[in-house]
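[1] Turn this into a model:
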Amino acid sequence: MMDSDQIQIGGWIFSDYLVRKHPIAQNQSNQVKLKPCFEVSVASGASMITRRSLIEKYGLFESKIPFFYDDTLLSVKTWLSGKRVVTITDSQVRHILGATSAWTLEKTTFNLLRAKICLLFDVYYQPYELMKAIFVNVMDTLISTIYALKSKRLAVVYANINGFTWMLGNLRFLWQNRNTRWSKAKISPQELKEKIVKIHLPVALYLLPSKLGTNMFTSATANYEYKLHTIQPSK
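    Residues are numbered from 1 along each chain as shown. Sure, this is the predicted structure:
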């Protein structure tokens with residue numbers, strides 16, 4: 001997806017427990033030499049092409065699914081169907097702003113958190129893995145909320161509280177929806193995790209945020225992108 005002469009995004013990849021996500025090739029020159037086709041965790045909703053047959057079998061969007069997860073859900077359904085989610089390097093889509101650019105910080109944070117919660121329920125099929133993933137994300141969000149309080153960013157505090165309140169009020173919906181999707185799955189839970197989670201770091205770095213954790217995530221994503229280049233850039 002292009003913005004002027006730069007790549008806005010070439011798809012997303014996620015870290016363990018979906019704590020962090022990274023946009024592939026963001027703000028790089030559109031002349032960068034990437035592999036012609038490569039897998040991503042989820043595609044960017046602003047530049048997505050899906051087979052009609054897949055939509056007819058697995059459905060399109062769902063009215064109760066929060067914004068920021070509707071297009072991500074299409075990627076999840078694609079993986080569950082046994083197909084692949086890929087970026088085609090030679091395809092170019094111009095994206096000029098969007099409706100979310102006018103959103104407040106609170107609304108954006110709230111919807112991003114709800115989208116992550118939905119993805120957690122869909123990706124982590126085994127109950128004990130789901131509980132662990134939720135715990136790690138609750139701790140990570142709690143720490144970010146504390147930092148937001150210290151810096152008086154109350155919009156983030158309210159959004160985080162409302163996000164987990166929404167989860168508690170919609171547990172039945174989240175559980176039933178994920179069971180419905182998995183009833184049609186053609187891959188195993190382990191295979192889906194491997195397709196979605198691309199970056200691996202020690203769990204302690206998520207529970208105890210630090211500059212070291214940020215640097216390790218940045219290094220891991222840089223190495224991941226380095227392998228996508230057909231002409232290797234100098235490190």
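[2] Give me the contacts around stretch 172-188.
    57-58, 62, 64, 76-77, 79-82, 117-118, 121-122, 125, 167, 189, 192, 195 (Cβ atoms under 8 Å, 6 or more residues apart in numbering). In short, each C-beta sits where N, CA and C put it, glycine included.
[3] now do 7 Å
    The contact list for stretch 172-188, computed with Cβ atoms under 7 Å, 6 or more residues apart in numbering, reads 58, 64, 77, 79, 80, 81, 82, 118, 121, 122, 125.
[4] can you pull the contacts of the third one?
    Contact criterion Cβ under 7 Å, 6+ apart gives 58, 181 as the residues in contact with residue 77.
[5] distance of it from residue 210?
    36 Å (Cβ to Cβ, to the nearest Å).
[6] Could you tell me the per-residue confidence at residue 62?
    Confidence at residue 62, expressed as pLDDT, is 72.
[7] need the strands for the protein, in chain order.
    Remark: strands assigned in the chain by DSSP state E are 2-3, 6-7, 12-15, 21-23, 37-39, 86-88, 197-199.
[8] hmm, back to that, looking at the contacts of stretch 172-188, which gets the smallest pLDDT?
    Among these, residue 64 has the lowest pLDDT, at 70.
[9] what's around that residue, how many residues?
    By the measure other Cβ atoms under 10 Å, the count of residues near residue 64 is 9.
[10] mind listing what it touches?
    By Cβ under 7 Å, 6+ apart, the residues touching residue 64 are residue 173.
[11] Quick check: the gap between residue 164 and residue 125.
    21 Å.
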